[in-house]
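1. Give me a model of this one.
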Amino acid sequence: MAVAPSSPIPRWLPWCMWGLGALFFFYGFFQRFAPSVMIDPLQREFALDGAAVGNLSAFYFYAYAGMQVPIGLIVERFGPRRLLTFGALVCAAATAGFALAESAWLATLCRFLVGFGAGFSFVCAITLAARWFPPQRFAQFVGLTMMAGMVGGLLAQGPLGLAVEAFGWRSSLLATAGVGLALAAALWLVVRDWPSGSPHAEARHESWAGLVPALGRVLTRAQNLLLCLVSAAMTAPMLSFAGLWGVAWLMQTKGYSRPEAGATASILLFGWAVGSPIAGWLSDRLGRRKPVLQAGCLLALLALLPILYLADPPRLLLWTSFALTGAAGGAMSVAFALARSANPASDTSAAFGFLNGAVVASGAVFQPLIGFLLDRGWDGREEAGVRLYSAATYEAALSSLVAFLGLALALSLFLREPRAVKSEP
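-> Model prediction:
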């Protein structure tokens with residue numbers, strides 16, 4: 001909850017505090033999507049099949065998702081500044097380790113540590129937004145934070161694909177490690193946990209014993225569990241399709257070059273970047289949360305159908321469907337506003353961590369699941385050590401995303417709308 005400071009602060013200062021947190025989320029999202037343009041070289045370098053590549057990439061999500069509940073519990077005790085700085089340092093060091101790894105197990109370990117470090121980004125960034133901005137703007141800033149992440153994902157598609165083609169994947173990742181170190185320094189030097197003069201500036205959680213009951217209360221509220229399932233389904237196409245398998249699908253079934261495939265898959269991220277803040281703004285404007293979330297889930301399901309089930313769709317239709325899938329999925333940002341209303345102030349950080357962990361877990365589940373399904377339908381074709389999958393095999397594997405979205409749409413009917421949501425003036 002934002003608290004008015006005792007003396008006026010410059011209008012740009014809250015933007016700076018939240019902006020650096022959002023910049024780390026941007027950096028973490030870049031790391032999240034980077035393997036999507038490296039599938040071929042990673043398969044050749046480490047002799048990996050589809051399931052193994054999915055697993056290597058998904059180790060980021062195992063760490064990231066596992067960190068969300070603990071971060072939601074400890075952010076009040078240690079503050080966003082310490083956690084963000086520590087996370088950025090770990091993320092940068094692990095990125096350098098991944099770039100230098102000579103074995104698959106070491107690359108997997110470094111990928112896990114990248115996810116661990118990046119795991120501090122989102123909850124800490126929206127905590128800064130809650131502390132430095134008025135509460136009625138919270139949904140908007142959740143959307144803006146997600147937009148920052150999507151821009152990072154965009155850079156990890158076409159631009160990183162070009163860099164990998166020109167300089168190789170190892171050199172490209174070493175350069176991003178240097179960016180992470182610079183970001184860690186900026187977070188430590190600039191970010192402050194509270195506005196100057198806030199009565200909470202020196203406050204710390206009284207004891208570790210008080211942290212666990214908050215999580216227990218979050219887990220016993222059905223609204224939180226429903227929000228997790230619906231949000232995870234809306235996020236899964238972005239994390240597992242655009243985030244990993246979409247580039248390979250476009251290259252192997254549509255004949256796209258790597259940069260072209262990366263740029264096309266990034267259209268989904270662009271749609272998400274636009275849709276997230278618009279959904280937050282619209283929800284605040286209407287004073288309603290549930291209809292915006294449901295509409296996003298339905299549109300994401302419908303937009304995914306022509307991508308997967310039309311044999312040779314015109315490029316304009318394909319691009320439009322990618323954009324709509326992303327924009328509709330971005331409406332899951334409203335779920336954080338629903339979580340805030342479903343939990344008392346003492347439990348909101350834990351609720352945010354639990355919800356964000358479930359969202360990211362969709363990538364941890366579906367990246368290797370799709371790889372496993374692809375391997376099951378593999379007909380034995382290879383090219384330069386890279387497995388080639390047929391269009392029918394991709395269609396069958398990616399249909400798991402459609403099924404999950406259909407389930408989520410049905411579950412969304414049981415969500416409860418907050419009694420009153422104040423619209424932003």
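2. how about the helices in the stretch 301-425 of the chain?
-> With DSSP state H, counting those that start in this stretch applied, the stretch 301-425 of the chain shows helices at 315-329, 334-342, 348-376, 391-412, listed in chain order.
3. and L219, which of these is closest to it?
-> Ranking the helices of the stretch 301-425 of the chain by their distance to L219 (criterion: CB to CB) puts helix 348-376 first, at 7.4 Å. (Each C-beta comes from the backbone N, C-alpha and C, glycine too.)
4. what packs against that closest one?
-> Applying 3 or more CB pairs under 8 Å, 6 or more residues apart in numbering; DSSP states H and E, we find helix 348-376 packed against helix 50-78, helix 121-132, helix 211-219, helix 222-236, helix 334-342, helix 391-412.
5. Pull out the buried residues from it.
-> 348-375 (16 or more other CB atoms under 10 Å).
6. ok, now stretch 398-412?
-> For stretch 398-412, using 16+ other CB under 10 Å, the buried residues are 398, 400-402, 404-405, 408-409, 411-412.
7. wait, which of those is closest to L181?
-> L401 (36.0 Å).
8. mind checking how far that closest one is from P80?
-> As defined by CB to CB, to the nearest Å, L401 lies at a distance of 33 Å from P80.
9. repeat for L388
-> Distance of L388 to P80, computed by CB to CB: 46 Å.
10. For those two, indicate the residue with more neighbours.
-> Set L388 next to P80 and count neighbours by other CB atoms under 10 Å: P80 wins out with 30 against 15.
11. which one is that one nearest to, not counting chain neighbours?
-> Nearest-residue entry for P80: C124, 3.9 Å, with adjacent residues in sequence omitted and distances by CB to CB, 6 or more residues apart in numbering.
12. and the nearest residue to W132 once chain neighbours are set aside, how many neighbours?
-> Nearest non-adjacent residue to W132, counting by CB to CB, 6+ apart: P14, 3.7 Å away. Other residues near P14 come to 20 when the count uses other CB under 10 Å.
13. The one 10 residues further on too?
-> The burial metric for F24, expressed as a neighbour count using other CB under 10 Å, is 31.
14. Contacts only, for A364.
-> Counting by CB atoms under 8 Å, 6 or more residues apart in numbering, A364 touches 58, 61-62, 64-65.
15. And it, how far from G115?
-> 9 Å.
16. shared neighbours of the two, anything?
-> Common neighbours of A364 and G115, counting by CB under 8 Å, 6+ apart, are 61-62, 64.
17. Go through the residues you listed and name the one nearest R315.
-> For those, the nearest to R315 is F61 (30.5 Å; CB to CB).
18. if I look at that closest one, how far off is P306?
-> 27 Å.
19. again with P159
-> Counting by CB to CB, the separation of P159 from P306 is 27 Å.
20. quick one on the thing from earlier: reformat the shared contacts of A364 and G115 as a markdown table; add neighbour count.
-> Formatted as a markdown table, these follow (neighbours: other CB atoms under 10 Å):
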| residue | neighbour count |
| --- | --- |
| F61 | 27 |
| Y62 | 21 |
| Y64 | 31 |
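21. Tell me the one of those nearest W169?
-> F61 (19.7 Å).
22. Which strands and helices lie in contact with the one helix or strand V274 maps to?
-> Per DSSP states H and E: V274 is located in helix 258-286. Under the contact definition 3+ CB pairs under 8 Å, 6+ apart, helix 258-286 sits against helix 138-155, helix 158-167, helix 246-253, helix 290-309, helix 315-329, helix 334-342.
23. by how many degrees do it and helix 158-167 diverge?
-> 160 degrees (axes from the mean of the first three to the mean of the last three CA atoms, to 10 degrees).
24. Which residues are in contact with L401?
-> Applying CB under 8 Å, 6+ apart, the residues near L401 are 236-237, 240-241, 304, 308, 366.
25. As CSV, the residues you listed with pLDDT would be great.
-> As requested, those are arranged in CSV below (pLDDT from 0 to 100):
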residue, pLDDT
A236, 92
P237, 91
S240, 88
F241, 87
L304, 93
L308, 90
F366, 91
